[in-house]
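Trainee: Okay, predicted coordinates and the sequence, questions at the end:
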Amino acid sequence: MSRSYCTIEYANGYFAGRLHSEAWEGTVEADKEKALQQATRMIDRQVLAGCKTDKEQVLAFPRYPDEEVPEAVRQACCEEALALLERGNSQRRKLQQEGVQSFALGNMSETFSTGAGKGLLSQEAKELLRPWLLGGVFIT
């Protein structure tokens with residue numbers, strides 16, 4: 001049973017051709033695996049269009065009519081894993097996840113938008129997943 005959309009070997013090859021991937025390169029194998037698995041869980045928590053190809057499959061991808069996990073999803077998994085390694089455990093992220101709307105420290109203050117800290121960290125991953133992401137709508 002696969003717990004990630006890509007292997008460490010796939011991710012190593014992906015990052016070999018990508019700028020600014022030092023956080024990946026400097027991470028031990030066990031933490032790379034954890035980052036890929038957590039990125040996969042975060043992708044699977046998104047509101048996705050369509051349905052699983054096989055109702056018995058554990059992960060959300062592939063989606064019907066695909067038989068294999070699309071390359072863009074594998075790449076998104078890599079991008080999200082990198083973002084997790086770079087900033088997934090930051091104090092700022094923790095405040096956002098706890099629902100803090102704003103804070104101040106001396107002369108510096110920051111206000112977070114509603115829903116900040118939820119969803120994917122990587123904008124690149126969001127762009128790669130765009131064909132499968134359902135957008136929200138406001139009903140009044």
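Mentor: That came through, no problem. Remember, it's a predicted structure, so these values are computed and weren't measured experimentally.

Trainee: Closest to the mean position in the chain, which residue would that be?
Mentor: By CA atoms, centre = their mean, the chain has its centre lying nearest to Glu80, at 3.6 Å.

Trainee: give me every residue that touches it.
Mentor: By CB atoms under 8 Å, 6 or more residues apart in numbering, the residues touching Glu80 are Ala39, Met42, Ile43, Leu120, Leu121, Ser122, Ala125. Quick note: C-beta positions are derived from backbone N, CA and C, even for glycine.

Trainee: Where does pLDDT dip in this structure?
Mentor: Along the chain, segments meeting pLDDT under 70 span 1, 89-105, 109-118, 136-140.

Trainee: rewinding a little: out of the contacts of Glu80, who's the most crowded?
Mentor: Ala39 (29 neighbours; other CB atoms under 10 Å).

Trainee: now that one, nearest residue through space, not along the chain?
Mentor: Glu80 (3.7 Å; CB to CB, 6 or more residues apart in numbering).

Trainee: Can you give the distance of the helix or strand hosting the one you found from its chain's centre?
Mentor: Following DSSP states H and E, one finds Glu80 within helix 71-87. From the chain centre to the centre of helix 71-87 is a distance of 6 Å (CA atoms, centre = their mean, to the nearest Å).
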